[in-house]
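S.K.: Fold the following, please.
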Amino acid sequence: MTVADGVDPLWETLLSLHLLQERGASVLFGGWLRRVRSARPDSVRLLAQLARPWGYSPDFLTPGRGNAEFEVLADRLLSTPRQQLRADIETLAGGSPISAWAGAVGRGEVSALRRLEAALAAYHRLALAPHRDAFRAQAEADRARRAHALLAGGVDRLLASLHPRVSWQPPVLLIPVYAQQDVYLRGRGIVLVPSFFCRIQPITLLDADRPPVLVYPLAPRLGLFRDASVGRDGALPVVALLGSTRAAVLEAAAGGGSTRDLARRVGVADPVVSRHSAVLRAAGLVETRRRGGSVWHRATGLGIALLNGELPV
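M.R.: Here you go, the predicted structure:
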């Protein structure tokens with residue numbers, strides 16, 4: 001098992017396309033949504049024929065494991081064997097009718113694949129490339145936290161702290177409210193890939209024969225996409241609701257950690273985290289458990305929904 005060095009460009013492409021097609025506002029992604037939607041890129045309309053907001057999206061769209069740049073991954077996608085293209089598009093068509101272009105992609109027609117390549121490149125330049133440095137910096141910080149968990153408590157600690165909606169019951173990692181699916185590693189190593197646009201719970205590929213990968217949510221820092229999500233006074237709604245320090249503690253708890261871990265991330269003293277986490281816990285936004293000699297905090301599903309803008313504020 002390894003943790004990827006950073007986010008995967010094609011996973012971010014797929015998952016951000018899902019977000020673009022959803023209705024409603026978002027505290028964390030409001031500015032990003034406003035900028036991309038205002039551009040009205042043709043690439044989104046084309047790619048949405050494959051990347052539907054709910055249900056299955058073809059596995060061949062995400063061949064990466066967080067170990068390559070966009071150009072390399074795009075070439076890898078275009079090299080997908082026709083048998084896999086056909087199988088994935090047939091699965092997509094099983095959910096609802098597909099477009100003529102999507103059918104041509106499934107047959108491996110060169111012109112259709114070139115249109116796919118061009119649309120992916122145009123979308124990546126507009127929606128993701130401008131945030132590349134910010135994505136890398138936060139992914140590296142998250143990777144360091146995962147490495148600390150692995151060193152401190154082994155694989156058990158790493159997987160137990162992966163996400164609030166994940167339950168590690170050795171040797172099984174349970175992800176509730178997800179497609180009925182069993183993934184057997186069969187001696188293959190699994191790669192954990194952080195993602196900004198994976199917002200609800202970790203996900204994986206449907207085809208268990210492909211290299212195992214588990215993509216998990218990496219909550220963006222408040223204000224990363226600052227624009228439409230700010231109020232008239234310049235404050236993010238969740239900050240106006242909770243206060244800046246308490247909102248920062250909730251954000252830090254999205255990744256899980258001890259009182260000292262959260263204090264280090266927020267830049268405050270341990271007692272400050274304890275005080276704010278008690279209020280957040282009483283509101284059902286954070287859960288707290290004792291592990292050995294330390295106290296461990298994690299944002300609840302309600303807390304993550306608030307950060308993600310899935311609740312009115």
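S.K.: what about Tyr56, which helix or strand?
M.R.: Using DSSP states H and E, Tyr56 sits within no helix or strand.
S.K.: my bad, Leu50
M.R.: Leu50 belongs to no helix or strand, assigned by DSSP H and E.
S.K.: and if you look at Leu116?
M.R.: According to DSSP H and E, Leu116 maps onto helix 110-123.
S.K.: what's the next secondary structure element after that helix?
M.R.: Helix 110-123 is succeeded, C-terminally, by helix 132-160 (DSSP H and E).
S.K.: Tell me which residues of that following helix come out buried.
M.R.: 135, 138-139, 142-143, 145-146, 149-150, 157-160 (16 or more other CB atoms under 10 Å). From N, CA and C alone the C-beta is placed, and that goes for glycine too.
S.K.: After it, heading C-terminal, what element do we hit next?
M.R.: Next along the chain from helix 132-160, counting by DSSP H and E, comes strand 167-169.
S.K.: which residues touch that following strand?
M.R.: Applying CB atoms under 8 Å, 6 or more residues apart in numbering, the set of residues contacting strand 167-169 from outside is Asp156, Leu159, Ala160, Leu162, Leu173, Leu174, Pro176.
S.K.: Turn those into TSV, columns for distance to Ala39.
M.R.: Shown next, in TSV, are those (distance: CB to CB, whole Å):
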residue	distance to Ala39
Asp156	45
Leu159	39
Ala160	41
Leu162	34
Leu173	38
Leu174	40
Pro176	36
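S.K.: Name the member of those residues with the shortest distance to Ser38.
M.R.: Of all these, Ser38 sits closest to Leu162, with 35.1 Å by CB to CB.
S.K.: give me the low-pLDDT residue ranges for the stretch 151-300 of the chain?
M.R.: 164-165, 176-183, 219-237 (pLDDT under 70).
S.K.: host element of Leu185?
M.R.: Going by DSSP H and E, Leu185 is not in any helix or strand.
S.K.: who's in contact with it?
M.R.: Shown in contact with Leu185 (CB under 8 Å, 6+ apart): Pro212.
S.K.: quick one, phi psi at it?
M.R.: phi -70, psi -30 (degrees, to the nearest 10).
S.K.: what do you get for the one 10 residues further on?
M.R.: Here the main-chain torsion angles of Ser195 (degrees, to the nearest 10) amount to phi -150, psi 130.
S.K.: now it, nearest residue through space, not along the chain?
M.R.: If the residues on either side of it in the chain are set aside, Ser195 comes closest to Val215, at 4.9 Å by CB to CB, 6 or more residues apart in numbering.
S.K.: That neighbour in helix, strand or coil?
M.R.: strand (DSSP: H, G, I helix; E, B strand; the rest coil).
S.K.: Isn't it up against Pro202?
M.R.: Yes. In this structure Val215 lies within contact range of Pro202 using CB atoms under 8 Å: 6.2 Å.
S.K.: More neighbours: which of the two?
M.R.: Val215 (28 against 19; other CB atoms under 10 Å).
S.K.: which ones are touching that one?
M.R.: By CB under 8 Å, 6+ apart, the neighbours of Val215 are Asp8, Trp11, Leu15, Val193, Pro194, Ser195, Cys198, Pro202, Ile203, Thr204.
S.K.: from those residues, which is closest to Arg260?
M.R.: Among those, and counting by CB to CB, the member closest to Arg260 is Pro194, at 22.2 Å.
S.K.: Next up, the contacts around the closest one.
M.R.: Applying CB under 8 Å, 6+ apart, the residues near Pro194 are Val3, Ala4, Gly6, Val7, Gly66, Ala139, Asp142, Arg143, Val215, Tyr216, Pro217, Leu218.
S.K.: which one is Gly284 nearest to, not counting chain neighbours?
M.R.: Closest to Gly284 by CB to CB, 6+ apart is Leu302, at 5.2 Å.
S.K.: Tell me the spacing between that neighbour and Leu285.
M.R.: Remark: distance between Leu302 and Leu285 (CB to CB, to the nearest Å) = 6 Å.
S.K.: neighbour count winner among those two?
M.R.: Set side by side, Leu302 and Leu285 show more neighbours around Leu285, with 23 against 16, by other CB under 10 Å.
S.K.: about what we covered before: okay, the buried residues of helix 132-160 in TSV with distance to Glu90 next?
M.R.: Formatted as TSV, the buried residues of helix 132-160 follow (distance: CB to CB, whole Å):
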residue	distance to Glu90
Phe135	33
Gln138	37
Ala139	34
Asp142	36
Arg143	37
Arg145	40
Arg146	37
Ala149	40
Leu150	39
Arg157	41
Leu158	36
Leu159	34
Ala160	38
